[in-house]
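Engineer: I would like to see how this sequence folds:
(one chain, ligands or ions: 2)
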Amino acid sequence: MRISYNCVNRLKLSALLLIIVSFSGYGQEEYKDPKNKALKETYPGGPSYDVQNYTQIKSHKNPKNIILMIGDGMGLAHVYSAMTANRGHLFLENFKNIGFSKTYSSDDYITDSAAGATALSAGIKTYNGAIGVDPDKKPVIGIRELAERKGLKTGLVSTSAITHATPACFIAHTDSRGNYEEIAAQFMTTNIDVFIGGGVNNFEKRKDGRNLTTELKAKGYQVLYKMSEIQKVKSGKLAGLTAESHNPTMPERGEMLVPATETAINILSQSKKGFFLMVEGSEIDFLAHENITPGVVLETLDFDRAIGAALKFAASNRETLIIVTADHETGGMSINGGDYKSGMVSSKYTSGEHTGIAVPIYAFGPGAEEFTGFMENTDIAKKMMKLLRLIP
Ligand code: MG
Ligand code: ZN
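Structural biologist: Residues are numbered from 1 along each chain as shown. Ligands and ions are numbered 1, 2, ... in the order given. Next comes the predicted model:
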């Protein structure tokens, strides 16, 4: 029944996207017109999806697998606007262990995504712009690399370019987030099992003349460019590169994040020793920078549906810990009106940049009780490493 249920959900979502593109004017990007402030700040409501309930099993065992899901820029207002748009419910409500992360970096009260993801990956505070390096620009080993060394399968999924700051901090070490081609080249020196995102140009159209997708194929990777082909892959190494740079934002992107998350879980869960997967809803941040509420809502709903896909696996697997959090808040978003019946939600913003407020952490599965109360963003990485027994 669940399979057909999900198919129905897919159809509903496709219909939702079509309705939004056809009738609301979002497809014409009218809401991006700065003069049209009301359109920008209000999501008018639209179709919703059903949310299933999953019960967390009480277990004193350590998790075998961890899925870390980062909503870039996703503060509580972003989550609650999506919850209102979906008539008061999200998959995220299944997470009963909730804490707060202090996001500041080593050199700034307000972090960027590079320092934020280095903290979540390696458990150290560093300067804004740093990709997997400490304040002295020395490489620091991250959780994905530790997992790989211990024989776990590993993967990365993002809607942005896979070379963008957040996923980059889980695979590369370089002093500046703008070194996209160097970051792409560092994929070649790892044994990552699955990565799906945008950024094909950083692999194929390079100043040094290397074609990294040719090199990936030589290393045994299936290199695919379309989600329809990527989601058919059931095993082996997979490089899915679905856009030249970032994938489009919602609704134009269509179904990418959910099938990418499902495909990565299908492949990685064949590992006998366990797996580590990072999934990023990258573009919540992009729309929050622009203070576009309909975009924030649609991106957060898309990310929540990916959380639903991870929950479906974790609830039946029982050995998987899911952590959902953000690297920082974007936009200083607040909610000044809404309607659970229509899904309408209206927001105001205090900033076009990141803000300093703590962000929520949501945990589900074995070890989830470790992630309650206030903590440093670096504690999240350290706790995950301990739970996977990657560090003593
Ligand atoms: Mg990001
Ligand atoms: Zn940002």
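
Engineer: any idea which element residue 183 lies in?
Structural biologist: helix 180-187 (DSSP states H and E).

Engineer: Check whether that helix comes near ligand 1.
Structural biologist: No: using Cβ under 5 Å from the ion, helix 180-187 stays clear of ligand 1, with a minimum separation of 12.8 Å. C-beta coordinates here come from the backbone N, C-alpha and C atoms, glycine included.

Engineer: I'd like to know how far residue 70 sits from residue 147.
Structural biologist: Going from residue 70 to residue 147 by Cβ to Cβ, to the nearest Å gives 16 Å.

Engineer: Looking only at neighbour counts, state which of these two leads.
Structural biologist: residue 70 (28 against 25; other Cβ atoms under 10 Å).

Engineer: Wasn't that one part of a helix?
Structural biologist: No: counting by DSSP: H, G, I helix; E, B strand; the rest coil, residue 70 is located in no helix; its state is strand.

Engineer: for it, what are its contacts?
Structural biologist: 117, 120, 166, 278, 279, 280, 281, 325, 326, 327 (Cβ atoms under 8 Å, 6 or more residues apart in numbering).

Engineer: 10 Å - rerun?
Structural biologist: Applying Cβ atoms under 10 Å, 6 or more residues apart in numbering to residue 70 gives the contacts 113, 116-117, 120-121, 158, 166-167, 170, 278-282, 284-285, 303, 323-327.

Engineer: out of those, who's near ligand 1?
Structural biologist: Answer for the contacts of residue 70 near ligand 1 (Cβ under 5 Å from the ion): 113, 166, 282.

Engineer: Can you show me the helices along the stretch 151-300 of the chain?
Structural biologist: All helices of the stretch 151-300 of the chain, identified by DSSP state H, counting those that start in this stretch, fall at 165-168, 180-187, 200-204, 212-218, 227-230, 257-268, 284-289, 293-317.

Engineer: wait, the stretch 1-150 of the chain
Structural biologist: 2-23, 37-41, 76-85, 113-122, 143-149.

Engineer: Could I get the average pLDDT for the second one?
Structural biologist: For helix 37-41, mean pLDDT is 82.

Engineer: for it, packing partners?
Structural biologist: helix 293-317, strand 333-338, strand 345-349 (3 or more Cβ pairs under 10 Å, 6 or more residues apart in numbering; DSSP states H and E).

Engineer: from what I can see residue 385 touches residue 123, true?
Structural biologist: Yes: using Cβ atoms under 10 Å, residue 385 is in contact with residue 123, at 6.8 Å.

Engineer: Now list whatever residues contact both of the two.
Structural biologist: Joint contacts of residue 385 and residue 123 (Cβ under 10 Å, 6+ apart) are 141, 142, 143, 391.
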